[in-house]
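Colleague: Okay, here's the prediction I keep looking at, along with the sequence it came from:
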Amino acid sequence: MRVAHACWSCMLVMHVGYASGHSRWSCKLVMHVGHASWSCMLILHVGHECWSCIFCYVDINLIPKDEANSPIYIKNGKLHNPEKIQVGNYSIIALKWDVGDNSLLICGNGNNIVKLSKSEIKFECTSNNTLIESGTNKKFILNDKKCSTNIKVKVKDANKTCDFGNIIRIGFENENDFYEYIEVCYHYGSASTKYTKHIISGKAKQLATNSSIVIPYKRPTFSKDGLPFHARDGEPYKKANQISRFENITQNDGSSAFGTSSFLAIGHLTPVIDGIFNYLKQATMFYINAAPEWQDINAGNWKRVENIARCTALTLNDDLEVYTGIAGILELPNTENELQELYLKTIGNNPLKKKPRLNSDTIPKETQDDIIPVPKYFWKVLKYKDKAIAFITLNNPYAVQINTIDPCNDICSQYGYSTNGTNQAFHNFKTGRTNCCQVNDLVTKFPNDVPKELGLLKVNILRYQDCQ
């Protein structure tokens with residue numbers, strides 16, 4: 001049957017399993033309308049299997065996803081990601097909903113959906129294969145939905161404390177609801193992020209392996225939203241400032257230590273490309289989601305660790321919980337060979353003053369506060385159900401093996417993280433000496449940097465997941 005540009009097809013299959021004593025019926029219904037695609041599958045299992053499994057989907061190729069004003073999809077109170085589903089003999093990447101899911105399309109407060117005077121639409125998957133706008137029988141078409149202006153990422157104080165500071169949430173706000181992507185543990189006094197927590201959707205990462213689906217992304221500048229006042233002034237990450245700070249602290253020539261790749265980058269804790277949609281990538285572009293990291297290491301072994309995290313989620317095809325943080329303060333020797341802690345900024349000792357003096361020459365040394373510490377280590381914990389693994393990377397490209405002690409008993413080779421030359425690369429100090437650790441070992445070694453909740457985990461060690 002064909003109506004205008006719509007086409008419906010249905011196939012009924014009955015399987016009778018005499019050997020098992022179970023019968024199974026399945027009905028698959030697919031509907032194409034205009035340029036959008038919906039599908040619903042009904043499967044009735046008799047015996048000890050499930051009675052019904054019904055879902056609707058929209059092909060990811062048929063919805064707006066690359067523009068800055070593309071809407072945000074919410075399912076059951078959480079950010080909704082695409083996944084790979086099977087349609088007949090083909091697999092596609094799609095947004096999928098089950099009957100009964102609480103589904104929203106939002107643009108955020110003060111940002112209405114084009115041609116509508118509201119910032120959200122509620123919709124649902126019905127048992128007869130159709131997405132409809134909730135409270136009506138009107139078919140819900142996603143491919144023409146856009147927001148009036150660009151999506152805005154919000155930084156919100158959760159009014160809660162973490163082990164080492166305050167919890168800040170990065171996400172999207174609509175009416176009275178907040179949809180979190182990144183949880184940040186931030187220490188206001190030192191103006192440093194202790195750790196972040198987020199989810200990598202393994203099902204969504206299937207999209208990243210599909211070369212036919214490309215989501216263009218224009219990287220924005222970092223935002224100061226969420227930073228305390230005493231950390232907003234100045235530009236500590238500028239190379240000229242880094243050289244000046246290095247010379248003041250170590251009394252060494254800074255120009256010889258900083259080169260094309262030898263500088264402190266704005267090192268993401270939650271990486272840009274862990275998210276699929278552009279609004280998730282945008283949510284990572286905040287200084288409170290970063291720490292000073294040597295560029296040789298940022299583009300070296302730390303990048304390998306981030307790739308392992310995404311590979312693990314992809315292979316598991318499920319949500320992977322990720323903690324990422326810093327530990328210790330990097331020390332470099334001065335001209336007397338005395339180790340000096342490295343910070344990117346010095347201010348007056350009262351962070352709560354509205355206008356702290358920033359000229360250190362006019363502030364007595366005993367009343368100065370150093371902020372934005374350069375971490376000695378970056379660490380990452382991957383947790384999946386009852387399994388977890390920790391990685392820790394030395395943030396010092398000048399280190400040498402003779403005077404360096406590993407922070408934990410390295411288990412990379414034992415649990416498969418030495419494949420494809422990774423183990424050899426992990427032992428390179430220039431690109432960031434990296435160890436694999438048991439999570440409890442990491443917490444024990446760094447009780448002032450790694451959250452205690454990770455030390456309470458009763459988990460097995462997560463083995464390497466090959467996604468090559």
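Modeller: Sure, I can see it.

Colleague: For the closest residue in space to residue 250 that isn't next to it in sequence, give me phi and psi.
Modeller: Excluding its sequence neighbours, the residue lying closest to residue 250 (CB to CB, 6 or more residues apart in numbering) is residue 334, at 4.5 Å. (Glycine included, C-beta is placed from N, CA and C.) Dihedral pair for residue 334: phi -90, psi -170, per degrees, to the nearest 10.

Colleague: can you list the residues that contact stretch 417-434?
Modeller: For stretch 417-434, the external contacting residues (CB atoms under 8 Å, 6 or more residues apart in numbering) are 294, 296-297, 299-302, 304-305, 308, 378, 389, 391-397, 399-401, 404, 406, 412-413, 435-436, 464, 466, 468.

Colleague: Emit the ChimeraX select command for whichever of the residues you listed are buried.
Modeller: A single ChimeraX command selects the buried members of the contacts of stretch 417-434 (16 or more other CB atoms under 10 Å):
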select :294,296,297,300,301,302,304,305,308,378,389,391,392,393,394,395,396,397,399,412,435,436,464
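
Colleague: Filter the contacts of stretch 417-434 down to just the ones in strands.
Modeller: Secondary structure defined by DSSP state E assigns 294, 378, 389, 391-394, 435-436 of the contacts of stretch 417-434 to strands.

Colleague: Tell me how many other residues surround the residue nearest to residue 250.
Modeller: 13 (other CB atoms under 10 Å).

Colleague: Contact partners for it?
Modeller: So residue 334 contacts 249-252, 340 (CB under 8 Å, 6+ apart).

Colleague: Please repeat the previous calculation with a cut-off of 7 Å.
Modeller: 250-252, 340 (CB atoms under 7 Å, 6 or more residues apart in numbering).

Colleague: can you put the residues you listed in TSV and add neighbour count?
Modeller: Shown next, in TSV, are those (neighbours: other CB atoms under 10 Å):
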residue	neighbour count
250	20
251	13
252	15
340	18
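
Colleague: Which residue is the nearest non-sequential neighbour of residue 255?
Modeller: residue 243 is the one closest to residue 255 (CB to CB, 6+ apart), at 6.2 Å.

Colleague: Who are the packing partners of the helix or strand harbouring the one you found?
Modeller: Residue 243 belongs to helix 239-250 when assigned by DSSP states H and E. With contacts defined as 3 or more CB pairs under 7 Å, 6 or more residues apart in numbering; DSSP states H and E, the packing partners of helix 239-250 are helix 254-257.

Colleague: Given the helix or strand just after the helix it packs on, what are its sheet partners and their directions?
Modeller: Downstream of helix 254-257, the first helix or strand assigned by DSSP H and E is strand 264-268. Partner strands and pairing direction for strand 264-268 (DSSP bridges) are strand 290-294 (antiparallel).

Colleague: and the strand it pairs with with helix 239-250, angle?
Modeller: Orientation of strand 290-294 against helix 239-250 (axes from the mean of the first three to the mean of the last three CA atoms, to 10 degrees) gives an angle of 80 degrees.

Colleague: what is the mean pLDDT for strand 290-294?
Modeller: Per-residue pLDDT over strand 290-294 has a mean of 96.

Colleague: just stretch 60-71 next, same as before
Modeller: Mean predicted confidence for stretch 60-71 is 77.

Colleague: Please identify the buried residues of that stretch?
Modeller: In stretch 60-71, counting by 16+ other CB under 10 Å, buried: 60, 62-63, 65, 69-71.

Colleague: re earlier: let's see the pLDDT reported for the residue nearest to residue 255.
Modeller: For residue 243, the predicted pLDDT is 89.

Colleague: Wait, it touches residue 252, no?
Modeller: No - using CB atoms under 7 Å, residue 243 is not in contact with residue 252; the gap is 10.4 Å.
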